[in-house]
Each structure stands twice: as structure tokens, then as C-alpha cells.
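[1] Got a predicted model here, sequence first, then my questions.
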Amino acid sequence: MATIDIERTRNQAKALLDSRIESVTDLVKTRQRIADLREQLAEAEREDKRAYVRATKDGWSPEELKKLGLESAAAGRRRKNAARTTAAASDAASGSEVSDEQ
């Protein structure tokens, strides 16, 4: 019967685990970066809202700001959400047609 080198086997196993640990570490770092960027975006959106309110208090009307390409961020989000909802409803409707055919 062949002799098994325990130390060599342990080192090979450790190398495999190290590779797996490295990939999951990269995943954690990437997820943390995403969380950090989302927080930065949320803060930027809060600052944008305050700046928009300041502009309206300084006498700019929403219509004037819109003409300047500075529409309220909330209005832009509503429009995007409505488009997503419409697209999702369209996808769901076409998906149900496909399932009816099967």
C-alpha cells in the first residue's frame, strides 16, 4: 500500500481553500463597494433635493427650472418608475401569453 504524505495533502488542501477564500473576499469587497456607492448616491440625492428647494425659495419656479433642464428629481424618478411599471406589466402580459401556448 502506498504511503500518504499527510503534510503534502494538508498543503494542497490549504492551497485550494486559500483560492476559495480569495474569491469570496473579492466578492465581499465588491458588495461593500456597492453598499458604499449606494449610500453616497442617497446622500447626493438628499443634497439635490435641498438645493432644488433652495432654488424654489430663491424665486425659481418649477417650470423655469424644468426649462433649464433642472426638473425636480422626484418628478424624474416618478417618470422612470412609471416606465418600469409599464414595461414590467408588458413583460408579464407577454410572458403569460407564452405560458398559455405551452
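    Perfect, I can see it now.
[2] For the protein, which element, helix or strand, carries the lowest mean pLDDT?
    Every helix and strand of the chain was ranked by mean pLDDT, DSSP states H and E. The lowest is helix 73-101, at a mean of 64.
[3] longest helix anywhere in this structure?
    Longest helix in the chain by number of residues (criterion: DSSP state H): helix 6-57.
[4] now T3, what's its secondary structure?
    State at T3, reduced to three classes by DSSP: H, G, I helix; E, B strand; the rest coil: coil.
[5] heads up, I number from 721, so please use that
    Understood, numbering begins at 721; the last thing we discussed is T723.
[6] quick one: it from L737, how far?
    Using C-beta to C-beta, to the nearest Å, we find T723 at a distance of 24 Å from L737. Quick note: C-beta positions are derived from backbone N, CA and C, even for glycine.
[7] Who has more neighbours out of the two?
    Neighbours were counted for T723 and for L737 using other C-beta atoms under 10 Å; L737 has more, 10 against 5.
[8] separation between that one and S781?
    The gap separating L737 from S781 is 63 Å, by C-beta to C-beta.
[9] Low-confidence stretches in the chain?
    Where the chain drops to pLDDT under 70, the residues are 721, 796-800, 806, 810-822.
[10] 90 instead?
    In the predicted model, the chain carries pLDDT under 90 at residues 721-724, 793-822.
[11] Neighbours of E783, how many?
    Burial of E783 is recorded as 9 neighbouring residues (other C-beta under 10 Å).
[12] Tell me the secondary structure at it.
    helix.
[13] any idea how far R730 is from it?
    E783 is 73 Å from R730, where distance means C-beta to C-beta.
[14] Same question for T745.
    As for T745, its distance to R730 is 21 Å (criterion: C-beta to C-beta).
[15] try A771
    For A771 relative to R730 (C-beta to C-beta), the value is 60 Å.
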